[in-house]
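In: A structural model of the following input is requested.
(chains A, B and C)
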Amino acid sequence: MDASAPQPRAADLLAWYDRHRRVLPWRALPGERADPYRVWVSEIMLQQTTIAAVKPYFERFMARFPTVEALAAAPSESVMQAWAGLGYYSRARNLHACAKAVADQHGGRFPDTEEGLRALPGIGAYTSGAVAAIAFDRPAVAVDGNVERVITRLFAIEDEMPSAKPLIRERVLALLAHDRPGDFAQALMDLGATICTPRSPACGLCPWREPCRARIEGTQESFPRKAVKKTGKTRYGAAFVAMREDGAVLVRTRPAKGLLGGMVEVPGSDWRSDYELADALRDQPVAARWRRLMLPVRHVFTHFPLELTVFAGRVPLEMQAPEGMRFTPFNRLKEEAFPNVFLKALEAGLEELQRP
DNA sequence: TAATCGTGGAG
DNA sequence: TCTCCAAGATT
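Out: Here you go, the predicted model:
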């Protein structure tokens, strides 16, 4: 052990935070009280999602659903549409369920303890701690990817993720600034996001550069330790863009659970690694003279890549939508809760139909 | 414990 | 082009 290395102190982190804290739409200014509703919505949106991607969604969401009561009273289609494009759609379903629980069972006020928050849908170990600390200034720890990186470097924790999680929590709890728990939680995340970055961390600017074991040993970028994860096999499928003579397009809503659950799609086949394109017409939603697009739509999900072959066709005005499907007027397509993969397919299909 | 679950940007 | 990964939760 190197006896000359000092122990990390929360006070040094907070002093850095007071000078360098980021200004964010959901974050209260110094001295202001945080709004639990805004904090909660932001924390759900920020799960596995970058700040840059969240910002426009957050602003639109707040304008559309200003309070937890407004969100609870909204139809689910409206909530899913507001979330469309942001990904991980179970978050939106759980968010809506959580708003209803808060409105109906908690009088419109969020529980102000980690345990109370943890019992709500979509709120797990991280988010319960984050909301408790940030919105209610409770002495709770919020361990996200930033904190995992900062702490594993600070103490040179060799255990692979996610096995190291209990030890990380323990270390954060020992460091916690009990006089400023909310600021401490946000400071730890700001440090990870701006200084203690995954690659090329700015150790020279870090308030914890002296006590950091990894920096002392020169192994910063090797933390946190984690196993390499392998990507799944490519899946293939067909999607059909059927446009009626008046411009309306055939769509349907996906089942509530599973991949892209509760979102809207253009009809298509299952997605399988052994899908045979030669049999694609078996999967057509309605009979039509389909034009097959030469360039497939490529899309990458977390656990597998997808290649979607798009078929585009015109159908007569009197065509009835099959059971479970509907025609959406062209000028209302933008109001449908399409995930990006189906926006890509739709765009490709519509472009094809414009050609002579 | 290990899968599942989106998307876009950075290097 | 490819890999990583971003304020994770659920099953």
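
In: make it CA atoms for all contacts and neighbour counts henceforth
Out: Will do.

In: and A:D283, what does it touch?
Out: The contact partners of A:D283, taken as CA atoms under 8 Å, 6 or more residues apart in numbering, are A:238, A:268-269.

In: between these, which has the most around it?
Out: Neighbour counts for the contacts of A:D283 peak at A:A238, which has 26 neighbours (criterion: other CA atoms under 10 Å).

In: Three-state assignment for that residue, please.
Out: At A:A238 the chain is in strand, as set by DSSP: H, G, I helix; E, B strand; the rest coil.

In: these two touch, right, it and A:V310?
Out: Yes: A:A238 is within contact range of A:V310, at 5.8 Å (criterion: CA atoms under 8 Å).

In: quick revisit: can you list the contacts of A:D283 in JSON lines and add pLDDT and distance to DNA strand C?
Out: JSON lines is the format used below for the contacts of A:D283 (pLDDT from 0 to 100; distance: CA to the nearest atom of the strand, whole Å):
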{"residue": "A:A238", "pLDDT": "98", "distance to DNA strand C": "22"}
{"residue": "A:G268", "pLDDT": "98", "distance to DNA strand C": "25"}
{"residue": "A:S269", "pLDDT": "97", "distance to DNA strand C": "25"}
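
In: I'd like these written out as TSV, with distance to A:V54 added.
Out: TSV is the format used below for the contacts of A:D283 (distance: CA to CA, whole Å):
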residue	distance to A:V54
A:A238	31
A:G268	30
A:S269	31
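
In: Spell out which parts of the stretch 101-250 of chain A neighbour DNA strand B.
Out: Proximity of the stretch 101-250 of chain A to DNA strand B, by CA under 7 Å from any atom of the strand, involves residues A:163, A:199.

In: just the strands in the stretch 251-356 of chain A please.
Out: Counting by DSSP state E, counting those that start in this stretch, the stretch 251-356 of chain A has strands at residues A:264-265, A:291-292, A:297-300, A:305-315, A:325-328.

In: Outline the domain layout of chain A.
Out: A:10-222, A:235-354 (automatic domain parsing).

In: so which residue of the stretch 251-356 of chain A comes closest to DNA strand C?
Out: A:T302 (6.8 Å; CA to the nearest atom of the strand).

In: quick one: contacts for that residue?
Out: Going by CA under 8 Å, 6+ apart, the list of residues near A:T302 is empty.

In: Could you report the distance from it to A:K344?
Out: Per CA to CA, to the nearest Å, A:T302 is found 17 Å from A:K344.

In: DNA strand B versus A:W26, what's the distance?
Out: Distance of A:W26 to DNA strand B, given as CA to the nearest atom of the strand, to the nearest Å: 18 Å.

In: contacting residues around that residue?
Out: A:W26 sits next to A:38-39, A:42 when contact means CA under 8 Å, 6+ apart.

In: of the residues you listed, list those near DNA strand C.
Out: The subset of those within reach of DNA strand C, by CA under 7 Å from any atom of the strand, is A:S42.

In: Now tabulate the contacts of A:W26 in JSON lines and tack on distance to A:R292, pLDDT and neighbour count.
Out: As requested, these are exported to JSON lines (distance: CA to CA, whole Å; pLDDT from 0 to 100; neighbours: other CA atoms under 10 Å):
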{"residue": "A:R38", "distance to A:R292": "46", "pLDDT": "98", "neighbour count": "21"}
{"residue": "A:V39", "distance to A:R292": "47", "pLDDT": "98", "neighbour count": "20"}
{"residue": "A:S42", "distance to A:R292": "41", "pLDDT": "98", "neighbour count": "21"}
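
In: what's the span of stretch A:271-290, first residue to last?
Out: Note: stretch A:271-290 ends 20 Å apart using CA to CA.

In: Do any residues in it lie close to DNA strand B?
Out: No: if you take CA under 7 Å from any atom of the strand as the test, stretch A:271-290 misses DNA strand B, and the best it gets is 10.7 Å.

In: how about that stretch: buried residues?
Out: A:280-281, A:284-286, A:290 (16 or more other CA atoms under 10 Å).

In: can you check stretch A:185-199 too?
Out: For stretch A:185-199, by 16+ other CA under 10 Å, it's A:185-198.

In: Columns secondary structure, pLDDT and distance to A:A242 on top of these, output as JSON lines?
Out: Output for the buried residues of stretch A:185-199, formatted as JSON lines (DSSP: H, G, I helix; E, B strand; the rest coil; pLDDT from 0 to 100; distance: CA to CA, whole Å):
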{"residue": "A:A185", "secondary structure": "helix", "pLDDT": "98", "distance to A:A242": "50"}
{"residue": "A:Q186", "secondary structure": "helix", "pLDDT": "98", "distance to A:A242": "49"}
{"residue": "A:A187", "secondary structure": "helix", "pLDDT": "98", "distance to A:A242": "51"}
{"residue": "A:L188", "secondary structure": "helix", "pLDDT": "98", "distance to A:A242": "51"}
{"residue": "A:M189", "secondary structure": "helix", "pLDDT": "97", "distance to A:A242": "47"}
{"residue": "A:D190", "secondary structure": "helix", "pLDDT": "98", "distance to A:A242": "48"}
{"residue": "A:L191", "secondary structure": "helix", "pLDDT": "98", "distance to A:A242": "50"}
{"residue": "A:G192", "secondary structure": "helix", "pLDDT": "98", "distance to A:A242": "48"}
{"residue": "A:A193", "secondary structure": "helix", "pLDDT": "97", "distance to A:A242": "45"}
{"residue": "A:T194", "secondary structure": "helix", "pLDDT": "97", "distance to A:A242": "47"}
{"residue": "A:I195", "secondary structure": "coil", "pLDDT": "97", "distance to A:A242": "50"}
{"residue": "A:C196", "secondary structure": "coil", "pLDDT": "98", "distance to A:A242": "50"}
{"residue": "A:T197", "secondary structure": "coil", "pLDDT": "97", "distance to A:A242": "47"}
{"residue": "A:P198", "secondary structure": "coil", "pLDDT": "96", "distance to A:A242": "45"}
